[in-house]
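**Student:** Predicted model, plus sequence, below.
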Amino acid sequence: MSPYILAKHISAHKGEEVTLKGWVYNIRKSGKIWFLIFRDGTEFIQCVVLKNEVPEAVFEMKGTLTQESSIAVSGIVQEAPRQEAGYELLVKNIEIYHIAEDYPIALKDHGVEFLLDKRHLWLRSRGPYAILKIRAEIEQACRDFFNERDFTLVDSPMFTPNAAEGSTTLFETQYFERKAYLTQSGQLYSEAAIMAHNRTYCFGPCFRAEKSKTRRHLTEFWMVEPEMAFFDIHDDMDLAEEFVEYLVHRALKNCRRELQILERDISKLESVKRPFPRISYDEALAILHKKGFDLQFGEDLGAPHETAISEDFDQPVMIWRWPAASKAFYMKRDPEDERYVLGVDVIAPEGHGEIIGGSQREEDIKVLLERIEKEQLPKEDFEWFLDLRRYGSVPHSGFGLGLERTVGWICGTHHIRECIPWPRTMVRLKP
RNA sequence: UCCGGAGUGGCUCAAUGGCAGAGCGGGUGGCUGUUAACCACUAGGUUGUAGGUUCGAAUCCUAUCUCCGGAGCCA
């Protein structure tokens, strides 16, 4: 048999006979010619089977091969400009590993529930395939970005002992003889890690028991969270901006084929360039009032507000300097005006919503204690965190980027459940 | 939890008070350049569930279950 290659390398073998191993994606039959659309997980290749080019038994496979049957197919690599891959295979021989039973997923429209029930098979389809390729590239890009900038990866635990921020959104689990909770964020642990490593990031799943049923929510999602000693809010925003630009450019550089499969309008991504617009919460309010929204000072922005603001810009928008009342206890008060905290949200264009939330952290133990008391948080659970303000406290900042929302924006997907291999939502725990 | 929408063949949908239908997928046959190929034939139904109104219910009413979209919350 001719040499076995991956389909993505087919262009390097023009005119040669090669063997591909993979699955039947589709078959188009005619009388004395048939076309086998083949995939091996690296590319989709059309294979042409001509009656006078193959043994009789191979030609007759047009009647036995079914969608998703596994095969080894050998043939001559030919240029085919009309093919997406640019090349096709003139078949010489086919060996069958397994004839698939009737495959449930047709190359036609299906409902969301059906496809999610069949997620273990749906992964093979072109759309999910391309999205997960891009997700993998973005994950790698996150690691590369921080590793190239003197950050140390310090992962945070999934099990946490207490109900730190609002217990209603925490998943509770049995931990031997007591209760534990699944982490919502690694931030507090990262604040400890930077005192050892100066700049760190953590990257892993987060769990939130929010009863949200929208296209922007999962109960299990991935977040990358950098934390930096000696960064103020402006340094924090500079880094967030550079990071988002880097991720988009990496996808454009290394995922052209996948973006093409998804029919993504890449001109919208190509125009993403620093500096991003930075507006304060007050300016955001003014824009919203001009657009007819009735929003009082102190109210947090909802999804419709975010979308309305992002409409005015073709870049991600950074909204900073938020009312203190609407934000978490650990955010630093604006020294110029106590009513505000030095937090920032980054809103993706095209209505994809908030992809980053970050802030300068409060380093003064007195202010932290006041806020813990005011919000009636269990002080004893934060003793270890308060230690960080007792032993060499420094100004510091950080942010968290939601992986699925970012991938959803870059891929232009309607719902972020398509941006994670095995989505977990309020109503879905399988497969 | 609240608001809105939808449940009909394996899948996607049509039928709005009067004979449950189409496309895809399956099966059979045809076709030498197809692009979610095409053409012909064919099998496949207790209309989510329970009750009610009616001569007659997929269709109207009540209850209930499931899913989808959105709000709040957030990445």
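**Tutor:** Done, it's in.
**Student:** The helix or strand residue A:398 falls within pairs with which strands?
**Tutor:** Under the criterion of DSSP states H and E, residue A:398 resides in strand A:396-402. In the sheet containing strand A:396-402, its partner strands are strand A:220-229 (antiparallel), strand A:353-361 (antiparallel), by DSSP bridges.
**Student:** Following the chain onward from it, which element is next?
**Tutor:** Beyond strand A:396-402 in the direction of the C-terminus, DSSP H and E gives the next helix or strand as helix A:403-411.
**Student:** in what helix or strand does the closest residue to RNA strand B within chain A lie?
**Tutor:** With CB to the nearest atom of the strand as the measure, the residue in chain A that lies nearest RNA strand B is residue A:31; the distance is 1.7 Å. Using the backbone N, CA and C atoms, a C-beta is placed for each residue, glycine as well. In this structure, residue A:31 sits in neither a helix nor a strand according to DSSP H and E.
**Student:** Check the spacing between it and residue A:54 real quick.
**Tutor:** Note on residue A:31: its distance to residue A:54, by CB to CB, to the nearest Å, is 15 Å.
**Student:** And those two? Which one has more around it.
**Tutor:** Neighbours per residue, other CB atoms under 10 Å: of residue A:31 and residue A:54, the larger number sits with residue A:54, 19 against 6.
**Student:** need the contact list for the residue nearest to the more buried one when sequence neighbours are not counted.
**Tutor:** Spatially, and ignoring its direct neighbours in sequence, residue A:54 is nearest to residue A:91 (5.9 Å; CB to CB, 6 or more residues apart in numbering). With contacts defined as CB atoms under 8 Å, 6 or more residues apart in numbering, the neighbours of residue A:91 are A:36, A:47-50, A:53-54, A:58, A:73-75.
**Student:** Out of those, flag the one nearest to residue A:196.
**Tutor:** residue A:73 (54.5 Å; CB to CB).
**Student:** Please report the confidence value the model assigns to residue A:168.
**Tutor:** Per-residue confidence at residue A:168 stands at 61 (pLDDT).
**Student:** re the thing from before, from the contacts of residue A:91, which are also near RNA strand B?
**Tutor:** Restricting the contacts of residue A:91 to those touching RNA strand B (CB under 7 Å from any atom of the strand) yields A:48, A:50.
**Student:** so what's the closest residue to residue A:99 other than its chain neighbours up against?
**Tutor:** Spatial nearest neighbour of residue A:99, excluding adjacent residues (CB to CB, 6+ apart): residue A:69 at 5.0 Å. Neighbouring residues of residue A:69 by CB under 8 Å, 6+ apart: A:23-24, A:96-100.
**Student:** Would you map the strands across the stretch 101-250 of chain A?
**Tutor:** Counting by DSSP state E, counting those that start in this stretch, residue ranges of the strands within the stretch 101-250 of chain A are A:152-153, A:159-160, A:172-175, A:178-182, A:199-207, A:220-229.
**Student:** Oh, that last question was meant for the stretch 301-431 of chain A, not what I typed.
**Tutor:** A:317-323, A:333-334, A:337-348, A:353-361, A:396-402.
**Student:** thinking again about what came up before, can you tell me which of the strands paired with strand A:396-402 comes nearest to residue A:203?
**Tutor:** The minimum distance between residue A:203 and the strands paired with strand A:396-402 falls on strand A:220-229, with 4.5 Å, by CB to CB.
**Student:** residues in contact with the closest residue to residue A:228 other than its chain neighbours?
**Tutor:** Excluding its sequence neighbours, the residue lying closest to residue A:228 (CB to CB, 6+ apart) is residue A:199, at 4.9 Å. By CB under 8 Å, 6+ apart, residue A:199 lies in contact with A:146, A:149-152, A:226-229.
**Student:** Distance of residue A:199 relative to residue A:150?
**Tutor:** 6 Å.
**Student:** And for the nearest residue to residue A:264 once chain neighbours are set aside, the neighbour number?
**Tutor:** Closest residue in space to residue A:264, ignoring its immediate chain neighbours: residue A:412 at 4.7 Å, by CB to CB, 6+ apart. When counting by other CB under 10 Å, one arrives at 17 neighbours for residue A:412.
**Student:** just to revisit the earlier point, tell me the most packed of the contacts of residue A:69, by neighbour count.
**Tutor:** Comparing these by number of neighbours (other CB under 10 Å), residue A:24 comes first, having 24 neighbours.
**Student:** Would you check that that one makes contact with residue A:65?
**Tutor:** Yes. In this structure residue A:24 lies within contact range of residue A:65 using CB atoms under 8 Å: 5.4 Å.
**Student:** Run a quick neighbour tally on residue A:51.
**Tutor:** The number of residues near residue A:51, taken as other CB under 10 Å, comes to 15.
**Student:** isn't it right up against residue A:29?
**Tutor:** No. Taking CB under 8 Å as the contact criterion, residue A:51 and residue A:29 are not neighbours in contact, 11.8 Å apart.
**Student:** Quick check: phi and psi on residue A:101?
**Tutor:** In this entry, residue A:101 is assigned phi and psi values of phi -70, psi 170 (degrees, to the nearest 10).
**Student:** Contact partners for it?
**Tutor:** The contact partners of residue A:101, by CB under 8 Å, 6+ apart, come to residue A:66.
**Student:** And it, how far from residue A:121?
**Tutor:** Using CB to CB, one gets 11 Å for the distance from residue A:101 to residue A:121.
**Student:** now residue A:113
**Tutor:** Relative to residue A:121, and taking CB to CB, residue A:113 is found at 14 Å.
**Student:** who has more neighbours, those two?
**Tutor:** More crowded of residue A:113 and residue A:121, by other CB under 10 Å: residue A:121, with 15 against 10.
**Student:** what's the nearest residue to the more buried one once chain neighbours are set aside sitting at in phi/psi?
**Tutor:** Once its chain neighbours are removed from consideration, residue A:121 has its nearest residue in residue A:105; the separation is 5.6 Å (CB to CB, 6+ apart). Backbone dihedrals for residue A:105, given as degrees, to the nearest 10, come out at phi -90, psi 110.
**Student:** Quick check, residue A:105 in contact with residue A:123.
**Tutor:** No. With contacts counted by CB under 8 Å, residue A:105 stays clear of residue A:123, the gap being 10.2 Å.
**Student:** Would you mind confirming that residue A:200 is in contact with residue A:193?
**Tutor:** Yes. Counting by CB under 8 Å, residue A:193 is a contact partner of residue A:200 at 4.4 Å.
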